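**Student:** here's a sequence, model it:
(one chain, ligands or ions: 1)
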Amino acid sequence: MSKTVLVTGATGYVAGWLVKKLVEEGHTVHAAVRNPENKKKTQHLDTMAENAKGSIKYFKSDLLEEGSYKEAMQGCEIVFHTASPFSTDVKNPQKDLIEPAEQGTANVLNSAKETSSVKRVVLTSSCAAIYTDAIDCQEAPNRMLTEDLWNTTASLDYQPYSYSKTLAEKKAWEIANSQDRWDLVTINPSLVMGPPLNPKATTSESFNILKQIGDGTFKMGAPKMGIGLVDVREVADAHYKAAFVEEAQGRYITSAHNTNMLEMAKTLLPKYGEQYPIPKSAIKKWVLILFGPLLNKLLSRNFIKKNVNIEWKADNSKIKKELGIKFRPMQETMEDSFQALIDAGIFKK
Ligand code: NAP
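**Tutor:** This next block holds a predicted model:
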């Protein structure tokens with residue numbers, strides 16, 4: 001049955017695939033965006049809605065303006081709250097990350113409390129709300145991240161993006177538990193890869209990482225940094241099922257592969273290795289500790305110590321069992337992502 005749903009941050013990389021799925025299935029999407037007039041950020045959504053069964057209606061909303069999502073939420077049974085800045089390069093973490101994430105979540109969910117049509121809220125959280133560094137996996141029970149764990153090590157000064165996602169998800173549970181008309185389900189993806197629907201205007205940090213794999217940044221070798229990876233198409237599917245599978249409940253780790261940066265890069269070698277400077281080997285940890293901070297301010301010595309040559313592992317059994325999510329192979333995700341950036345002219349050979 002077709003429903004009216006709200007998607008906050010509909011211009012985003014993850015949200016794009018979710019909106020696509022929703023309109024293809026015949027739903028009416030209230031797309032809350034900062035600037036509905038900015039065609040560069042919305043044209044791809046309009047194009048894909050042209051021949052779909054469902055439709056899109058735009059609303060102007062900002063996470064930092066109280067009550068800004070009220071109008072967009074009217075008549076919606078489901079609220080997908082995806083909007084939140086995903087950047088690791090910010091000047092003022094409090095203003096640029098924490099406030100839009102935490103206050104923005106409060107803003108959206110408090111409006112859901114006042115909107116009688118809302119029955120479920122699906123929040124795009126992150127594995128970043130569960131852990132900060134790969135070393136946290138080593139310290140977890142059975143050396144594996146699960147939905148029972150919370151990030152306790154990120155702060156305003158260290159990995160503030162992870163801190164913002166932790167505070168935002170905690171705020172969401174607090175508000176959800178203060179009422180009983182709607183339930184909250186959270187999707188907690190690891191690093192999302194896969195083709196962007198709007199490659200030229202994407203702001204997601206996912207692409208800075210992918211670009212660095214192909215632009216020669218790591219031609220001396222890739223850091224063997226433990227990380228989880230998931231395809232954007234499965235993340236969209238996870239949001240969709242979290243909304244429409246009635247029994248969906250709680251948090252869902254949405255991560256397909258326990259991997260590392262070198263392994264991710266290596267999947268690209270067979271198809272692209274001759275044309276692009278994709279790293280073939282690992283950069284030594286001691287070299288990174290010496291020179292990493294000079295290459296990139298995010299590669300602090302503390303970060304390198306806690307992430308490089310350390311295995312990352314998460315348990316994805318809950319989402320497979322309860323929501324029936326099937327994950328595609330990493331090679332397909334990486335090749336599709338890389339090809340999308342090549343086609344958009346983002347890599348220079
Ligand atoms: P993205 O493409 O940069 O999307 C971020 C979205 O948030 C954009 O639509 C952006 O709107 C919106 N936004 C930012 N600040 C806002 C504000 N003040 N008011 C209203 N909207 C605002 O990044 P993404 O990767 O798709 O991220 C989407 C969600 O997935 C985020 O919650 C992120 O934390 C989560 N996530 C991402 C990953 C990943 O690897 N990509 C992994 C785990 C979780 P504008 O277009 O107007 O800027």
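**Student:** which residue is the nearest non-sequential neighbour of whichever residue of the stretch 201-349 of the chain sits closest to the ligand?
**Tutor:** In the stretch 201-349 of the chain, the residue found nearest to the ligand is Ser204; the distance is 3.3 Å by CB to the nearest ligand atom. All C-beta atoms are positioned from the backbone trio N, CA, C, and that covers glycine. When the adjacent residues along the chain are set aside, Ser204 lies closest to Tyr13, with 4.0 Å between them (CB to CB, 6 or more residues apart in numbering).
**Student:** please apply the same query to Ala112.
**Tutor:** Closest residue to Ala112 apart from its sequence neighbours, by CB to CB, 6+ apart: Val118 at 4.6 Å.
**Student:** right, and the one you found touches Asp183 too?
**Tutor:** No: in terms of CB atoms under 8 Å, Val118 does not count as a neighbour of Asp183; the distance is 10.1 Å.
**Student:** output the set of residues of this structure in proximity to the ligand.
**Tutor:** 9, 11-15, 33-34, 41, 62-64, 82-86, 100, 124, 126, 165, 189, 191-192, 202-204, 206 (CB under 6 Å from any ligand atom).
**Student:** same thing but at 5 Å, please
**Tutor:** 9, 11-14, 34, 62-63, 82-86, 100, 124, 126, 189, 191-192, 203-204, 206 (CB under 5 Å from any ligand atom).
**Student:** show me where pLDDT drops low in the stretch 51-200 of the chain?
**Tutor:** Applying pLDDT under 70 to the stretch 51-200 of the chain picks out no residues at all.
**Student:** can you map out the helices along it?
**Tutor:** For the stretch 51-200 of the chain, applying DSSP state H, counting those that start in this stretch gives helices covering 70-73, 93, 104-114, 135-139, 160-176.
**Student:** quick revisit: report the buried members of the residues of the chain next to the ligand.
**Tutor:** Neighbour-count burial (16 or more other CB atoms under 10 Å) applied to these gives 9, 11-14, 62-63, 82-86, 100, 124, 126, 189, 191-192, 204, 206.
**Student:** let's see which of those residues end up in strands.
**Tutor:** Thr124, Pro189, Leu191, Val192 (DSSP state E).
**Student:** neighbours around Pro277, how many?
**Tutor:** As a burial measure, Pro277 scores 16 neighbours (other CB atoms under 10 Å).
**Student:** of all the ones in strands among the buried ones among the residues of the chain next to the ligand, which two lie farthest apart?
**Tutor:** Thr124 and Leu191 (13.7 Å; CB to CB).
**Student:** quick one: the strands in the protein?
**Tutor:** 4-8, 28-33, 55-60, 78-81, 120-124, 183-189, 191-193, 226-231, 250-254, 257-260.
**Student:** these: which one's closest to Thr146?
**Tutor:** Short answer: strand 250-254, nearest of the strands of the chain by CB to CB, at 7.1 Å.
**Student:** that closest one pairs with which strands, parallel or anti?
**Tutor:** Using DSSP bridges, strand 250-254 pairs in its sheet with strand 183-189 (parallel).
**Student:** may I see the buried residues of the strand it pairs with?
**Tutor:** By neighbour count with 16+ other CB under 10 Å, strand 183-189 contains the buried residues Leu184, Val185, Thr186, Ile187, Asn188, Pro189.
**Student:** need these in JSON lines (columns: distance to Asn296).
**Tutor:** Below are those laid out as JSON lines (distance: CB to CB, whole Å):
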{"residue": "Leu184", "distance to Asn296": "36"}
{"residue": "Val185", "distance to Asn296": "35"}
{"residue": "Thr186", "distance to Asn296": "30"}
{"residue": "Ile187", "distance to Asn296": "29"}
{"residue": "Asn188", "distance to Asn296": "26"}
{"residue": "Pro189", "distance to Asn296": "23"}
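**Student:** pull the contacting residues for Ser84.
**Tutor:** Residues near Ser84 by CB atoms under 8 Å, 6 or more residues apart in numbering: Gly9, Leu63, Pro100, Ala101, Gly104, Thr105, Thr124, Ser164, Lys165, Ala168.
**Student:** now with 7 Å?
**Tutor:** Pro100, Ala101, Gly104, Ala168 (CB atoms under 7 Å, 6 or more residues apart in numbering).
**Student:** against Pro270, how distant is it?
**Tutor:** Counting by CB to CB, to the nearest Å, the gap from Ser84 to Pro270 is 35 Å.
**Student:** can you check the pLDDT for Lys349?
**Tutor:** pLDDT, Lys349: 58.
**Student:** what is the burial count for the residue nearest to Val230 when sequence neighbours are not counted?
**Tutor:** Nearest residue to Val230, sequence neighbours excluded (CB to CB, 6+ apart): Ala256, at 4.6 Å. By other CB under 10 Å, 25 other residues sit near Ala256.
**Student:** wait, Ala256 touches Arg233, no?
**Tutor:** No: applying CB atoms under 7 Å as the test, Ala256 and Arg233 come out as separate, 10.7 Å apart.
**Student:** I appreciate the help and will end here.
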